[in-house]
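Trainee: When you get a sec, could you give me coordinates for this:
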Amino acid sequence: MNELIKRLKRKRFPVLFTLNDMYKFNFKDDILEKYLKEAIDNNWIENIYNDIYILTNEYKKRVCDGNILAQMIYPDSYLSGSRVLCDYNWILDGIYAYTSVLKKDSNNDDIKVVTKNYGKFIYYKLYDNISYAGIIKNNYGLGNFYIAKPLRALCDLVYELNYEYENIYFFKEDFRIGINKLESLKKRDFNELQGKFNIPLIENFLNDLRKELRL
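Mentor: Here you go, the predicted structure:
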C-alpha cells in the first residue's frame, strides 16, 4: 500500500473517484502518476471505465452503487426505463442492465458500456431537449444520481419502444406491470408531466391512461 491508497481509504472519500479527486491530495503530478501506476499494477485500484476508479475489495469499505456509476459514465444522463421500473418493483422480470436516457446529438445511436465487474449500462438517446419533469435527484452516501419517477420512466419506455397505448390490460400484458401499480398513480403524477413533452405519442399515452384510471 502506498500513500495514495491510505488517503483514498479515508472514511469520507467517495467510493468511485476520478483523477480530479486524486489531485485534491496535492501530490506533485509525477508522484501521483507513480502512485497511481503502482496501485493499478498491484491491483489496489481498479480503473472501471475511462476516468472512473475504485479501490479493490481488499481496501474499499463500501460497495459500488451502480446508479452512481451510471451517472458518472455519462453525467448528463438520468436513470429511467425498464431497469428503474424493475427497481421500483413495477416490472416483475429481472432487468440486469442499468438503463438511462441521454439527449440526442449528432450521433443518435444508443450507447452500451460493458464493465468487467460492475455490469452493463445502456444509454438511450430519446429527446432533442430533455424536460426534467418527473425526475428526482437521489443523494446516496458520497454520490448522487438523477432518476425518473415511475410514471416518467413509463413515458420514456413508451417513447423508446414507439408503443401505441390501447388499454390498461394490453399494457399489463406487454410490459408485465401489475394493474395495482398503475392504480397507485395520483393526479399529481399526471399533472407533473402532461404538457411537458410536446410529443404526441407520450401526451396521448398520458391522457388515455389518466382517463382510464379516472384521474
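Trainee: going forward, measure contacts and count neighbours with C-alpha atoms only.
Mentor: Fine.
Trainee: so what's L157 up against?
Mentor: Listed by Cα atoms under 8 Å, 6 or more residues apart in numbering, the contact set of L157 reads S80, G81, S82.
Trainee: Check which helix or strand it maps to.
Mentor: helix 150-160 (DSSP states H and E).
Trainee: what's the pLDDT at the residue positioned nearest the centre of the chain?
Mentor: Centroid-nearest residue in the chain, with Cα atoms, centre = their mean: L79, separated by 3.1 Å. For L79, the model assigns a pLDDT of 97.
Trainee: which parts of stretch 7-24 are buried?
Mentor: Across stretch 7-24, burial judged by 16 or more other Cα atoms under 10 Å covers L8, P14, V15, L16, F17.
Trainee: Please report the distance of the closest residue to G195 other than its chain neighbours from P75.
Mentor: Distances taken as Cα to Cα, 6 or more residues apart in numbering put E203 closest to G195, at 6.9 Å, once the chain neighbours are dropped. Counting by Cα to Cα, to the nearest Å, the gap from E203 to P75 is 27 Å.
Trainee: more neighbours, those two?
Mentor: Using other Cα atoms under 10 Å, the more surrounded residue of E203 and P75 is E203, with 17 against 13.
Trainee: Next, the more buried one: phi, psi?
Mentor: Phi and psi for E203, reported as degrees, to the nearest 10, are phi -60, psi -40.
Trainee: ok, now which ones touch N47?
Mentor: I40, Y53, I54.
Trainee: name the element it belongs to?
Mentor: Secondary structure from DSSP H and E places N47 in strand 45-49.
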